[in-house]
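> Following is a predicted model, sequence given first.
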Amino acid sequence: MATRTVRDVPAPAPRAGATRPRRPLLPYLLLAPAIVLELAIHVVPMLVGAGMSLLELTQFHIRDWSTAPFVGWDNYRLVLDVDSAAGAALLRSFRVTLVFTVASVGISWVLGTTAAVLLHRPFRGRGLLRALFLTPYALPVYTAVITWSFLFQRDTGLVNHVLVDQLHLLGDRPFWLIGENSFVALLVVSIWRTWPFAFLCVMAGLQNIPDDLYEAAAMDGAGFWRRLRSVTLPMLRPVNLVLLLVLFLWTFNDFNTPYVLFGGSAPEQADLISIHIYRSSFETWDFGSGSAMSVALLLFLLLVTAGYLLLTNRRRNDA
């Protein structure tokens, strides 16, 4: 007599009227506070700003938005027209911001990667150096930038005291917070605040590289620079792809650093687009044009992000 296996036993048919098991509500309840805060802090203000960009919202209508005339795309035409004064000023601010962002991100990444590679191997005092390198990232932004504003003072600042009085590299005491040197001062503060984050991310990425790869490369006669080019940087590529994008977005949108360093009135040489939008909105009380600039900035960053992700994914697929 043949025996029937478990596979031969047919599965019981579902009973008529049987319902699917209900999904638990706990995950959705746990996500609800985060979703509500995200809507309240980011989504709703973004939609309100997009609506403001379509209105002639000036100081005459700020108390009652319903009286602000609807102008449609006129604010966008005004701020994006490079032949107009507003468009030319926005284009100049965009160029300054782009150069500042590329320089800050590039130098911060180089410093962070160099420090992470040098501190990857254990040695006495490595923990102390790591803690010291991460101090600028741990400090509150206002505390750090206000300290730098005192350091950059012309007559009493430590920067001019070291460069002029001790090292004798400069003949006269330059102004760092006004004029042409303001861009250099802003770049130094930005790099000082940004490179520890790059150092932290690269240092975490180095922990995932197997030591066997370095040992095999050393047995093949590869020196330090060859191991860096052939092992370290290729293995850090996934980390660097995300790191560079995040640093670019953070730096391009940075408002706190120039606002605290220059007191809300940045010089023309350091007129980042975030400060430019703030001044166009709150100093001239033209919130319609300021909102149009903000929406245009958001679209630009979205395009940069989408293009960057598409390019990196294409290279990853080709590899």
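Noted; the coordinates are in hand.
> For Ala185, list the residues it contacts.
148, 152, 176-177, 261, 270 (CB atoms under 8 Å, 6 or more residues apart in numbering). No exception for glycine: its C-beta is placed from N, CA and C like everyone else's.
> if you set the cut-off to 6 Å instead, what comes out?
152, 176 (CB atoms under 6 Å, 6 or more residues apart in numbering).
> Provide the secondary structure category for it.
helix (DSSP: H, G, I helix; E, B strand; the rest coil).
> Any figure for the gap between it and Gln153?
11 Å (CB to CB, to the nearest Å).
> before we move on, what SS does Thr284 have?
coil.
> and it, backbone torsions?
phi -100, psi -10 (degrees, to the nearest 10).
> Grab the nearest non-local neighbour of Trp192.
The shortest distance from Trp192 to any residue other than its chain neighbours is 5.4 Å, reached at Pro136 (CB to CB, 6 or more residues apart in numbering).
> One more: Ile273?
Thr97 (4.4 Å).
> how near is that neighbour to Val242?
Taking CB to CB, one finds Thr97 at 22 Å from Val242.
> Pull the contacting residues for Gly127.
By CB under 6 Å, 6+ apart, Gly127 has no neighbours at all.
> following whatever helix or strand it lives in, which helix or strand comes up?
Taking DSSP states H and E as the criterion, Gly127 maps to helix 126-133. As assigned by DSSP H and E, the chain's next helix or strand after helix 126-133 is helix 135-138.
> How far off centre is that next one?
Averaging C-alpha positions (CA atoms, centre = their mean, to the nearest Å) puts helix 135-138 16 Å from its chain's average.
> just to revisit the earlier point, of Thr97 and Val242, which one has the most company?
Thr97 (23 against 12; other CB atoms under 10 Å).
> angle of the helix or strand encompassing that one against helix 126-133?
For Thr97, the element it lies in under DSSP H and E is helix 85-118. Here the directions of helix 85-118 and helix 126-133 differ by 170 degrees (axes from the mean of the first three to the mean of the last three CA atoms, to 10 degrees).
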